[in-house]
Each structure stands twice: as structure tokens, then as C-alpha cells.
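[1] need a structure here:
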Amino acid sequence: MLRKIEGFIQPFKLEELKDALIKVGVEGMSVLPCKGFGRQLGYGAEETPSSSVKFLDKLKLEIVVEEEHVEEVIEVIKRMARTGTIGAGKIFVIPVEDAIRISTQEVGRSAIR
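    Numbering: from 1, shown residues only. Modelled structure (predicted):
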């Protein structure tokens, strides 16, 4: 089974995280700029929230891996994206029914290798 790992991280963490993921064998990922907020409504621990929500700049990572690599990838993301403050990000794991490599028509696991 394939799994998609979606992570929302602070933009300044990307380069070190990318290098660490490559070291553990991640062969591809997508990174998209996005904005969002969580429980704190976009305000840091030292800020006083107002009635409006602040959207914060984040990066969304999308990585598809074989199930046996999910925990290792999650551990790398947790370690490398951690900031020690609220708003460091989130990780979601989603089942992937299939994958198709357009150039070669490979399907399933071989499509992500």
C-alpha cells in the first residue's frame, strides 16, 4: 500500500528538511506555498489575539512512499521541522489507492520508484 504524507511546515525549515528526507531515501516530493492558521488563529504565544484571524505563510509538502517507509519519513519531518514554538506545523497520512507514472505508464509501487 502507498501512503501520502502531507506536511505543513515553516518555510525556513525546508532546505534542511529536504536534505534529511533525501538521505533517508525519499525520491520525490512536491512543495507548495500556502497560508493557514490553527488553534491560535494565527497568533504566536507572545501575541494577544484579536477578533480577526491571521493567515500565516506555510509550505505544504506532499510525499508518496511505500507503507514501510512512512514512520521513518514522519520521524524525519518531526525532527527537522520542529521549531519549539506553537505553529511549527502538522503532518497527515493518507492512503493512496494507486499511482501512475505518465511517461512510462508504470503503476503502483514502481510508479514512485
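[2] now the end-to-end length of stretch 82-94.
    Taking CA to CA, to the nearest Å, the first and last residues of stretch 82-94 lie 21 Å apart.
[3] tell me the buried residues in it?
    Across stretch 82-94, burial judged by 16 or more other CB atoms under 10 Å covers G87, G89. In this view, the C-beta of every residue, glycine as well, is placed from N, C-alpha and C.
[4] kindly export the longest strand along the chain (C-alpha atoms) in CSV.
    Longest strand of the chain, by residue count under DSSP state E: strand 56-66. Extracted as CSV, the C-alpha positions of strand 56-66 are listed here (Å, rounded to 0.1, in the frame of the first residue of the first chain):
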residue,chain,number,x,y,z
LEU,A,56,0.4,32.7,8.2
ASP,A,57,2.8,31.7,5.4
LYS,A,58,3.5,27.9,5.4
LEU,A,59,4.7,25.3,3.0
LYS,A,60,2.8,22.2,2.2
LEU,A,61,4.8,19.1,1.5
GLU,A,62,3.4,16.1,-0.4
ILE,A,63,5.4,12.9,-0.4
VAL,A,64,4.2,9.5,-1.5
VAL,A,65,6.0,6.5,-0.1
GLU,A,66,5.6,2.8,0.4
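[5] bridged to L56, which residues?
    G36 (DSSP bridges).
[6] list the buried residues in the helix or strand just after the longest strand of the chain.
    Later in the chain than strand 56-66, the nearest helix or strand by DSSP states H and E is helix 70-81. Within helix 70-81, the residues that qualify as buried are V70, V73, I74, V76, I77, M80, A81, counting by 16+ other CB under 10 Å.
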